[in-house]
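Engineer: predicted coordinates and the sequence they were generated for:
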Amino acid sequence: MISPDVAEAVDALEREGVLAPEQARLFGRVARGELVSLHAGLQTLLYLGVVAVTSGVGLLFKDRIEDLGPLTIAGLVAVAAGLCLAWVARASAPFTRGTVASPHFMFDTALNLGALLAAADLAYVENRFQPLGPNWSYHLLLVSVFYAGLAFRFDSRSLFGLALTTFAAWRGVAAVSVERSFFGFFEDTGVVRLNAFVCGVAFVTIGFALTRKRFKPHFEPVAAYIGWLLILQSIAWGIDSGEWSGAHRLALIATGSGLAGYAMRSKRFGLFFFGVLAAYVGSMVILASWIRSEKLGLFLFASSSLALVALLARAHRRFRLEEDE
């Protein structure tokens with residue numbers, strides 16, 4: 001943050017004796033942009049390290065099974081995951097319903113690494129030994145519950161997001177056979193689309209309930225963003241072709257416009273972006289079906305895309321100004 005006014009105020013407070021020289025030096029460096037926090041950069045590097053480690057574990061599963069044996073590999077990965085989670089449990093603060101400050105800069109990294117290693121180990125055991133047999137997809141449900149438990153206990157929004165996306169993946173994989181056994185008229189794409197929509201509505205509802213009950217309310221944005229993405233995606237799947245394509249296009253425009261209006265009132269730019277983009281896509285698909293000239297279609301697409309970018313940039317500035325007021 002660079003603020004000349006704040007820097008001048010700090011100097012004035014030092015001259016008046018309100019601030020000690022050491023305090024004024026620190027605050028002045030922050031105001032002049034000379035002191036920059038490396039916390040975000042370090043967290044990014046640590047998360048990249050987690051991705052690298054889990055990718056290496058996947059290659060280990062693939063290439064070294066014959067050398068070490070499946071039980072040895074599964075056991076080693078389980079021990080590594082257990083060590084990470086044991087350190088997290090020891091370093092963590094007691095559970096609370098609100099936000100918990102991280103006790104260590106490595107805390108979130110170790111938590112995510114332990115959770116991902118445990119999930120990878122479970123997937124390997126399922127693939128190698130097939131303990132669940134034809135019900136193998138339920139291991140995704142187990143992983144989702146596992147992630148959710150860790151997220152609430154150790155106050156991790158990233159794991160909460162993984163829990164929701166893993167649950168949605170389980171519904172997408174497992175639901176086809178279940179729904180078709182009860183409702184034979186569903187096609188596979190229709191089943192997946194329906195489950196994505198239901199999951200999206202459920203996630204948005206969960207986020208609302210967390211805020212209302214004041215139970216980890218800072219998890220609400222994660223649930224809302226993932227939920228609305230699933231809702232809009234489930235509607236958008238049907239806009240291209242098919243008997244109900246027209247209804248899907250209109251539904252996408254209406255839902256996106258409603259979401260954008262709600263986001264404007266609640267000052268949430270991310271949801272505003274989702275809503276505007278959804279309404280734009282639905283409108284462009286309708287226009288493309290009406291226009292027969294390829295050149296005119298390309299011109300309208302190019303000009304409308306520029307207008308969309310300008311609208312979003314202006315809206316983003318407005319949201320930032322309203323946040324600062």
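Structural biologist: Yep, it's here. Numbers count the residues shown, from 1 in each chain.

Engineer: OK, contacts around the nearest residue to residue 162 once chain neighbours are set aside?
Structural biologist: Leaving aside its sequence neighbours, residue 162 sits nearest to residue 147 (Cβ to Cβ, 6 or more residues apart in numbering; 4.9 Å). The way it works is simple: take the backbone N, C-alpha and C, and place the C-beta from them, glycine included. Shown in contact with residue 147 (Cβ atoms under 8 Å, 6 or more residues apart in numbering): 115, 119, 159, 160, 162, 163, 166.

Engineer: could you do residue 311 as well?
Structural biologist: For residue 311, counting by Cβ under 8 Å, 6+ apart, the contacting residues are residue 276.

Engineer: in what helix or strand does it lie?
Structural biologist: Element membership of residue 311 [criterion: DSSP states H and E] is helix 294-324.

Engineer: and the helices in the chain?
Structural biologist: Taking DSSP state H, the helices of the chain run over residues 4-15, 21-31, 39-63, 65-68, 70-91, 107-129, 138-154, 157-182, 188-213, 220-236, 245-266, 269-290, 294-324.

Engineer: next, residue 99: phi, psi?
Structural biologist: Per-residue torsions, residue 99: phi -80, psi 140 (degrees, to the nearest 10).

Engineer: ok, the closest residue to it other than its chain neighbours to residue 289 distance?
Structural biologist: Closest residue in space to residue 99, ignoring its immediate chain neighbours: residue 218 at 5.5 Å, by Cβ to Cβ, 6+ apart. Counting by Cβ to Cβ, to the nearest Å, the gap from residue 218 to residue 289 is 43 Å.

Engineer: check the burial of the closest residue to residue 236 other than its chain neighbours by counting its neighbours.
Structural biologist: With Cβ to Cβ, 6+ apart as the criterion, residue 236 has its nearest non-adjacent residue at 5.6 Å, and that residue is residue 252. When neighbours are defined as other Cβ atoms under 10 Å, residue 252 has 26 of them.

Engineer: doesn't residue 276 make contact with residue 252?
Structural biologist: No - with contact defined as Cβ atoms under 8 Å, residue 252 does not reach residue 276; the gap is 11.9 Å.

Engineer: which pLDDT value belongs to residue 188?
Structural biologist: In this model, residue 188 is scored at 59, pLDDT.

Engineer: ditto for residue 245
Structural biologist: We have a pLDDT of 84 for residue 245.

Engineer: count the neighbours of it for me.
Structural biologist: Residues near residue 245, counting by other Cβ under 10 Å, number 15.

Engineer: could I get the contacting residues of residue 284?
Structural biologist: Counting by Cβ under 8 Å, 6+ apart, residue 284 makes contact with 300, 301, 304.

Engineer: can you check residue 273 too?
Structural biologist: Residue 273 sits next to residue 312 when contact means Cβ under 8 Å, 6+ apart.

Engineer: flag the shaky bits of the stretch 51-200 of the chain, pLDDT-wise.
Structural biologist: 51-68, 175-188 (pLDDT under 70).

Engineer: same thing but 90
Structural biologist: 51-77, 80, 93, 99-110, 112-113, 116-117, 120-121, 123-139, 171-195 (pLDDT under 90).

Engineer: could you dump the contacts of residue 147 to JSON lines with neighbour count?
Structural biologist: Listed next are the contacts of residue 147 as JSON lines, based on neighbours: other Cβ atoms under 10 Å:
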{"residue": "115", "neighbour count": "27"}
{"residue": "119", "neighbour count": "21"}
{"residue": "159", "neighbour count": "24"}
{"residue": "160", "neighbour count": "23"}
{"residue": "162", "neighbour count": "23"}
{"residue": "163", "neighbour count": "25"}
{"residue": "166", "neighbour count": "21"}
